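K.L.:
structure for the following, please:
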Amino acid sequence: MKSLYIFSIKNENIFSNSLLISFFGFLIIFFFLIFGRKLKLAVQLERFGLPIAVLSGILGIFIGPFGLFHVLSKETTNVWSNFPTPLLSLVFATLMMGRPIPNVNGLVRPIFNQFLLALSLGFGQFLVGGLVVKYFLPPSLDTNPLMGCLIEVGFEGGHGAATIIGESFQKLGFSDGLDLGLAMATMGLLCSSIFGSIFVFLGRIFNLTDTREIVENKENLESNTNIEIFANLRILLINLGFTGLAISFGVLLLKFLRYISSFFGEFSREIIFSLPVFPLILMGSLLIRYILEKTKNTEFISNILQREIGILSTDLLIFTAMASLDINVVLDNWLIILVFTFFGLFWNLICIAYFAYFIFDDFWFEKSLIEFGNSTGVVASGLLLLRLADPKNISKTLPIFTSKQLFAQLILSGGFFTVLAPLMISKIGLDYWTEICGFITFVVIIVAFVLNNSFSKKYL
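P.N.:
Numbering: from 1, shown residues only. The predicted structure is shown next:
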């Protein structure tokens, strides 16, 4: 009995020590990212499309427990693997709160076009995922029909959605779904960061964006304003409080939905219990901003500080997700992950190129870039790429994207259809689900083309 007590005490000490080490390492990375973004070298790297968070994440892979140098312990990265969900919650909490509610006058058409692109990408990923499982994976592999969800869950949903949908996979008998979903989310994040950085670099070379001078002056602009913001502890605490309030709103609303789900059928209850909290946090962020604007109390909100919280959360999300990558999972399923990643990227690039050429009129580069990041490595990646290409929001892409996100986030990227997909596949089969998603995808693409041609004939 005594030995059992000593063993439990030792285990508690091991757990608490690994937890302390993990958070201590997390704080070190946090401060490195803060000061690293103020260095001239970091500004120059961002000018060439290489964010410091991505470089830190690549370093994290090499020094992780599955990397070359094993500096980080597995216990540390196991704790860090739980960080994407709270960090992404911070990103969504600051997304609407730190900016004035956009005046949609004159932006209805751009918002609608951005929304149609998001629908095309998301449902197209389900379509491509189903076709890959049916026709492109080798027969020797032990495939599961639920693999048809992996591209959308990993690319659009990211680590947070993959964790939640992984529970549905487990209930439906797809035990490897969680690991594969997380691996796809990490691959999507890597692709978004690497290819997105290349696109930003090419955009600078070929003058696809007119914000070069602004990026060069970005260091002085931010350093002056941040000194004033962080000198006032009261403003900092108030802004953190509003951010926490938006997150609390999302969490409470989700709990309420789960509570009333007992009055609905089993299928509806299953969907509600699989819903992630991010779309509801976004609604809370918008609601708080709306109340503050209506009561003329927006002076309590610092737009710059809210943006900084979102940026640091994005950087930390990218680093912790990449540093926590389990290379063994990738190696064990390398062929499946490689095939899904290739076809997912192919669809994203083709679909975005179609909208950039046929649908978008002005600032097509910025609108395409943020959606590429969002559809490959979740919303945080899209915001990061837009920050590199258009830090002063000259293109007005940010209000267009955030307005679109209010609707798109409820449908895809961890929304209703992301949750519905594995349940529908288990009930009606992968073939029917793929046909439904294919029909929706091509209808959306045709609607976008017809409407924009109608606009062109009417106004040009």
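
K.L.:
residues contacting the residue most central in space within the chain?
P.N.:
Residue closest to the mean C-alpha point of the chain, counted by Cα atoms, centre = their mean, is Val378 at 2.1 Å. With contacts taken as Cβ atoms under 8 Å, 6 or more residues apart in numbering, Val378 has the following neighbours: Leu88, Glu156, Gly157, Gly158, His159, Gly160, Ala185, Gly188, Leu189, Ser413. Heads up, the C-betas are built off the backbone N, CA and C, glycines and all.

K.L.:
which stretch of helix or strand covers it?
P.N.:
helix 364-389 (DSSP states H and E).

K.L.:
ok, and what's touching the helix or strand following that helix?
P.N.:
Helices and strands here follow DSSP H and E; after helix 364-389, the next one along the chain is helix 397-411. Outside helix 397-411, the residues within contact range by Cβ under 8 Å, 6+ apart are 95-96, 99, 102, 104, 107, 110-111, 114-115, 118-119, 122, 278-279, 282-283, 286, 363, 366-367, 370-371, 374, 379, 382, 386, 390, 393, 415-417.

K.L.:
buried residues, helix 397-411. List them.
P.N.:
Neighbour-count burial for helix 397-411, with 16 or more other Cβ atoms under 10 Å as criterion, is recorded at 397-411.

K.L.:
pLDDT weak spots in the stretch 101-250 of the chain?
P.N.:
In the predicted model, the stretch 101-250 of the chain carries pLDDT under 70 at residues 104, 210-232.

K.L.:
same check on the stretch 351-460 of the chain?
P.N.:
Using pLDDT under 70, the flagged stretches of the stretch 351-460 of the chain are 454-460.

K.L.:
switch the cut-off to 90
P.N.:
Along the stretch 351-460 of the chain, the parts satisfying pLDDT under 90 run over 361-362, 377-396, 398-399, 402-403, 405-407, 409-410, 413-416, 419, 451-460.

K.L.:
give the contact list for Tyr354.
P.N.:
Ile445.

K.L.:
sec struct for it, please.
P.N.:
On the three-state scheme (DSSP: H, G, I helix; E, B strand; the rest coil), Tyr354 is labelled helix.

K.L.:
how about His70?
P.N.:
With three-state DSSP as the criterion, His70 reads coil.

K.L.:
and what of Leu208?
P.N.:
coil.

K.L.:
right, and it touches Phe365 too?
P.N.:
Yes - because the distance of 4.3 Å satisfies Cβ atoms under 8 Å, Leu208 is recorded as touching Phe365.

K.L.:
what about the two, which has more around it?
P.N.:
Phe365 (23 against 17; other Cβ atoms under 10 Å).

K.L.:
contacts only, for that one.
P.N.:
Counting by Cβ under 8 Å, 6+ apart, Phe365 touches Gly203, Leu208, Thr209, Ala356, Ala389.

K.L.:
for the helix or strand where the first one lies, packing partners?
P.N.:
In this case it means Gly203. Using DSSP H and E, Gly203 falls within helix 177-205. In this structure, helix 177-205 packs against helix 52-63, helix 150-151, helix 158-171, helix 303-323, helix 327-332, helix 334-354, helix 364-389, with contacts taken as 3 or more Cβ pairs under 8 Å, 6 or more residues apart in numbering; DSSP states H and E.
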